[in-house]
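S.K.: any chance you could fold what I've pasted below:
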Amino acid sequence: QVLLVESGGGSVQPGGSLTLSCAASRIAFSIYRMGWYRQAPGLQRELVASITSAERTNYTDSVKGRFAISRDNAKNTVSLQMNNLEPEDTAVYYCNAYFEGSEGSGVLHDFWGQGTQVTVSS
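M.R.: Residues are numbered from 1 along each chain as shown. The predicted structure follows:
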C-alpha cells in the first residue's frame, strides 16, 4: 500500500516561513507528478504547487514568488518551502502523487497523504 506522510506543519506569524515535507513509500516515486494541495475550512481543495517527473513546476497565482516546490528522487521526498506566509495561507496541506499512463492504457494512480495543518496568525 502506497504511503505518503506529510510533516512540517505548524503555527507561524504572518511573514514567517515553514517547510513542508512529504515522504513517499511503496511507490515508483520518480515517475509521479507530485503536488501540494490545501483546503481551508468551507472551501474546496486547491492545487498549491506541483512538480513533474521532469521537474517542471507549477504554482497557483497566490503563492508565486513566495512558495517553492522541490523533489528528491533519491530520498522519495517532495518539499514545499513557504515564505512570507499570509493568514490566507491557513489550511490543511495535502501531499499528492499522480501518474497517468499512456493514452488508452487505463492506468491512473492518484494517492493522498493525511494532511498537515498550517496556521498563519498573529
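
S.K.: and the residue positioned nearest the centre of the chain, what element?
M.R.: Nearest to the geometric centre of the chain sits residue 36, at 1.8 Å (C-alpha atoms, centre = their mean). Following DSSP states H and E, one finds residue 36 within strand 33-39.

S.K.: show me what the host helix or strand of residue 99 packs onto, helices and strands only.
M.R.: Here residue 99, judged by DSSP H and E, is contained in strand 91-100. Helices and strands touching strand 91-100, by 3 or more C-beta pairs under 8 Å, 6 or more residues apart in numbering; DSSP states H and E, are strand 3-7, strand 18-25, strand 33-39, strand 108-112, strand 116-120. All C-beta atoms are positioned from the backbone trio N, CA, C, and that covers glycine.

S.K.: so can I have a markdown table of those strands showing distance to residue 85 and mean pLDDT?
M.R.: What follows is the helices and strands packed on strand 91-100, written out as a markdown table (distance: least, C-beta to C-beta, whole Å; pLDDT from 0 to 100):
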| stretch | distance to residue 85 | mean pLDDT |
| --- | --- | --- |
| strand 3-7 | 17 | 95 |
| strand 18-25 | 7 | 97 |
| strand 33-39 | 12 | 98 |
| strand 108-112 | 23 | 94 |
| strand 116-120 | 5 | 98 |
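
S.K.: looking at these, which is buried most?
M.R.: Mean neighbour count (mean count of other C-beta atoms under 10 Å) peaks for strand 33-39 among those, with a mean of 22.

S.K.: give me the contacts around that strand.
M.R.: Strand 33-39 has contacts (C-beta atoms under 8 Å, 6 or more residues apart in numbering) with 20, 22, 24, 45-53, 69, 71, 78, 80, 89, 91-99, 115, 118.
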